[in-house]
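[1] only geometry, no sequence info:
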Ligand code: G4P
């Protein structure tokens, strides 16, 4: 049994793809699924153009097709590996869920548009990966278009994200002049469209000991080739050294160039990625114990809860990251928070195009449990006497705020119940103004407000009035430092749901003004 489990766990590669919208995450995901044979044609994951849903369609689509559920976890086999890709949605549905998804993966792939470089959303998501110390692999995309100088891009990546980089390959030209990729790691040159480039029709050329093409080859006549060699030489001398150890601890990101759209460099990326991306490792419990994935008993934690399609049944899907052991349909588990025993018979596994009933899964896999209200985000479930509780999922600093009231004053009870439950579930964060105790809800993404309002109405029959307050900067203050006179028109004083005081600052200026005025007061943010 142990050997079997070890082999299974080692074959798992569970990762998220992060990017700013439009960098090419969907396109690259589709290519990966095509390699894995999980889909037959591009355009399946997200119908382009027609498929870029308006926000208001989200719930409707969710109901009809469960699309955001099916596309949020994709599993397929490639070579001898089982790959689990977790989707982190782009800006339209950006939320705390997006961040929490990063708690459930073992590595991340960061897709960057070669013309744009590091964009805000990438930076935000990267920060969370960084905090977890998971390996990050970079794919610089759209090489078939004119983009920025590769050296420039590396420099920006290192500076803005404060991470070392190591180019695994290097572009020879770009845009219309893209000739190929100098593969620094495999010591080959991959030719872009050999059929039209007239470069002997050969796809891959092996390099000699000196890292050059042996003998005659038309590509050698190109100044782009010598430019690439010069760059590589510079990088080999002055750049970072390749270090598997540093990759594993998230201190160095291997960088790959390519074009997802023309499927250039993606396969090489995938092959190298599965070599270095980690298999599941131990997870830490609240008592500091490390639970190995090969532990026989099943355990896992819930990182996401998705309101489900059928309002009549109020069912939801709880996404579980398996941390140890094997899951077999129908096993009995204990919910650590309540000590309640639950039989897991109604479970689902995610494939690219369908959802199937899952019979068997192991550490590293993600399963979906139909839930009628048992689970909360961050909950641990375990089998037998394992008796573990995994570390709490972090809370994230919200950036947008809304005042919220019940439309019908006669229905205060269901309003309060709904708010309390959705807050506990992690759908939204709740604050109260200091003396009047008005409700303010906070989120990292607009979608959270929409989901909140929809679920309040559908699950708690409570119509809400939401008054946008716009973006704010939330900073906590130690209760002993607090003087209520510190509050002004530019910083609203509130309490979080645990009673801790914090200010919601109008903007950076208001924050700086505060820091200047009260230099001894230390303000803190969440992640
Ligand atoms: P996202 O999930 O990160 O938001 O990006 P997505 O894959 O949807 O790609 C965004 C746009 O960029 C798409 O164009 C896509 O075709 C294009 N794209 C992706 N990879 C490449 C690449 O390697 N080269 C080039 N030139 N373009 C790329 P669109 O016009 O929005 O959609 P459509 O043309 O597919 O209809």
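    Good, I have the coordinates. Just so we're clear, the structure is a prediction, and the values are computed from it rather than from any experiment. Residues are numbered from 1 along each chain as shown.
[2] who in this protein is up against the ligand?
    Residues of the chain lying close to the ligand by CB under 6 Å from any ligand atom are 19, 21-27, 48-49, 90, 141-142, 144-145, 259-261. All C-beta atoms are positioned from the backbone trio N, CA, C, and that covers glycine.
[3] now with 8 Å?
    Taking CB under 8 Å from any ligand atom as the contact definition, the chain meets the ligand at 19-30, 43, 46, 48-49, 52, 90, 111, 113, 141-145, 258-262, 264.
[4] narrow those to just the buried residues.
    19-21, 23-30, 46, 90, 111, 113, 141-144, 258-262, 264 (16 or more other CB atoms under 10 Å).
[5] ok so, going back, now, the residues of the chain next to the ligand that are in strands?
    19, 111, 113, 141 (DSSP state E).
[6] could you double-check that the last one lies in contact with residue 23?
    Yes. Between residue 141 and residue 23 there is a contact under CB atoms under 8 Å: 6.0 Å.
[7] distance of residue 441 relative to residue 454?
    14 Å (CB to CB, to the nearest Å).
[8] how near is residue 463 to residue 430?
    18 Å.
[9] between the two, which one's more packed in?
    residue 430 (18 against 15; other CB atoms under 10 Å).
[10] each with direction, which strands does the helix or strand harbouring the more buried one pair with?
    Assessed by DSSP states H and E, residue 430 sits inside strand 429-433. Next to strand 429-433 in the sheet, as set by DSSP bridges, lie strand 439-443 (antiparallel), strand 491-496 (antiparallel).
[11] now do that strand, average pLDDT.
    Averaging pLDDT along strand 429-433 yields 96.
[12] cool, and stretch 454-466?
    For stretch 454-466, the per-residue pLDDT averages 91.
[13] what's in contact with it?
    59, 307, 311, 314, 402-408, 411, 414-415, 417-419, 421-422, 427, 449, 452-453 (CB atoms under 8 Å, 6 or more residues apart in numbering).
[14] just the ones in strands from those residues, please.
    Per DSSP E, these map to strands at 307, 402-406.
[15] looking at the residues you listed, spot the one nearest the ligand.
    residue 307 (23.2 Å; CB to the nearest ligand atom).
[16] confirm residue 270 sits in a helix?
    Yes. In this structure, residue 270 lies within a helix as judged by DSSP: H, G, I helix; E, B strand; the rest coil.
[17] make 6 the first number, not 1, from now on.
    OK, 6 is where the count begins now, so the last one is residue 275.
[18] from memory it sits against residue 83, does it?
    Yes. Using CB under 8 Å, residue 275 is in contact with residue 83, at 7.0 Å.
[19] after the one helix or strand residue 280 maps to, next one along is what?
    Element membership for residue 280 (DSSP H and E) is helix 271-281. Once helix 271-281 ends, the next helix or strand along the chain (criterion: DSSP H and E) is strand 288-289.
[20] which outside residues touch that following strand?
    Outside strand 288-289, the residues touching it (CB under 8 Å, 6+ apart) are 295-296, 298, 306, 328-329, 395-396.
[21] now for these: which two are most distant?
    Spatial extent of the contacts of strand 288-289 (CB to CB) is set by the pair 298 and 396 at 15.7 Å.
[22] neighbour-wise, which of these two wins?
    Ranked by neighbour count (other CB under 10 Å), residue 298 and residue 396 place residue 298 first, with 24 against 15.
[23] that one looks like it's in a strand, true?
    No. Residue 298: not assigned to a strand; according to three-state DSSP it is coil.
[24] relative to residue 142, how far out is the residue nearest to it when sequence neighbours are not counted?
    Using CB to CB, 6 or more residues apart in numbering and skipping the chain neighbours, the partner closest in space to residue 298 is residue 368 (3.5 Å). Relative to residue 142, residue 368 is positioned 21 Å away (CB to CB).
[25] quick one: pLDDT of residue 201?
    63.
[26] so which of residue 368 and residue 142 has more stuff around it?
    Between residue 368 and residue 142, counted using other CB under 10 Å, residue 368 has the larger neighbour count: 29 against 22.
[27] identify the residues contacting the more buried one.
    Listed by CB under 8 Å, 6+ apart, the contact set of residue 368 reads 10, 14, 17, 285, 298-299, 327-331.
[28] name the residues contacting each of residue 146 and residue 28.
    Contacts common to residue 146 and residue 28, judged by CB under 8 Å, 6+ apart, are 116-118.
[29] grab the nearest non-local neighbour of the closest residue to the ligand within the stretch 106-255 of the chain.
    Per CB to the nearest ligand atom, the residue of the stretch 106-255 of the chain with the smallest distance to the ligand is residue 147, at 3.9 Å. Excluding its sequence neighbours, the residue lying closest to residue 147 (CB to CB, 6+ apart) is residue 119, at 5.0 Å.
[30] that neighbour contacts residue 144, doesn't it?
    No. Counting by CB under 8 Å, residue 119 stays clear of residue 144, with 10.0 Å between them.
[31] overlap in contacts, the two.
    Listed contacts common to residue 119 and residue 144 are residue 262; contacts here mean CB under 8 Å, 6+ apart.
[32] still on that earlier bit, tell me the one among the contacts of residue 368 nearest to residue 498.
    residue 328 (39.8 Å).
[33] tell me the bridge partners for the closest residue to that closest one other than its chain neighbours.
    Leaving aside its chain neighbours, residue 328 sits nearest to residue 288 (4.3 Å; criterion: CB to CB, 6+ apart). Beta-bridge pairing of residue 288 under DSSP bridges involves residue 296.
[34] didn't residue 84 look like it was pressed against residue 279?
    Yes. Shown here, residue 84 and residue 279 form a contact pair, counting by CB under 8 Å, at 6.9 Å.
[35] downstream neighbour of the least confident helix or strand in the chain by mean pLDDT in the secondary structure list?
    When each helix and strand of the chain is scored by mean pLDDT, DSSP states H and E, helix 72-75 comes last, with a mean of 39. Once the chain leaves helix 72-75, the next helix or strand it forms, by DSSP H and E, is strand 78-83.
[36] can you name every helix or strand that that next one contacts?
    Secondary-structure packing of strand 78-83 (3 or more CB pairs under 8 Å, 6 or more residues apart in numbering; DSSP states H and E): helix 30-40, strand 86-92, strand 352-355, strand 371-376.
[37] one more pass at 6 Å, please.
    Applying 3 or more CB pairs under 6 Å, 6 or more residues apart in numbering; DSSP states H and E, one finds that strand 78-83 contacts strand 86-92.
[38] returning to what we had before: residue 84 and residue 279 - which one has more neighbours?
    Per other CB under 10 Å, whichever of residue 84 and residue 279 has more neighbours is residue 279, with 17 against 11.
[39] quick one: residues contacting the more buried one.
    Going by CB atoms under 6 Å, 6 or more residues apart in numbering, residue 279 touches 18, 86.
[40] give me the pLDDT for it.
    95.
[41] contacting residues for the closest residue to the ligand within the stretch 206-355 of the chain?
    Using CB to the nearest ligand atom, the closest approach of the stretch 206-355 of the chain to the ligand is made by residue 266 at 3.3 Å. Listed by CB under 6 Å, 6+ apart, the contact set of residue 266 reads residue 32.
[42] let's go with 10 Å and repeat that
    Residues near residue 266 by CB atoms under 10 Å, 6 or more residues apart in numbering: 29, 32-33, 36, 47, 146-150.
[43] residue 170 now?
    141, 143, 158-160, 162-163, 240, 244-245, 257-260.
[44] now do residue 85
    Counting by CB under 10 Å, 6+ apart, residue 85 has contacts 12, 15-16, 279.
[45] can you map out the helices along the stretch 206-355 of the chain?
    Using DSSP state H, counting those that start in this stretch, the helices of the stretch 206-355 of the chain run over 228-243, 249-253, 271-281.
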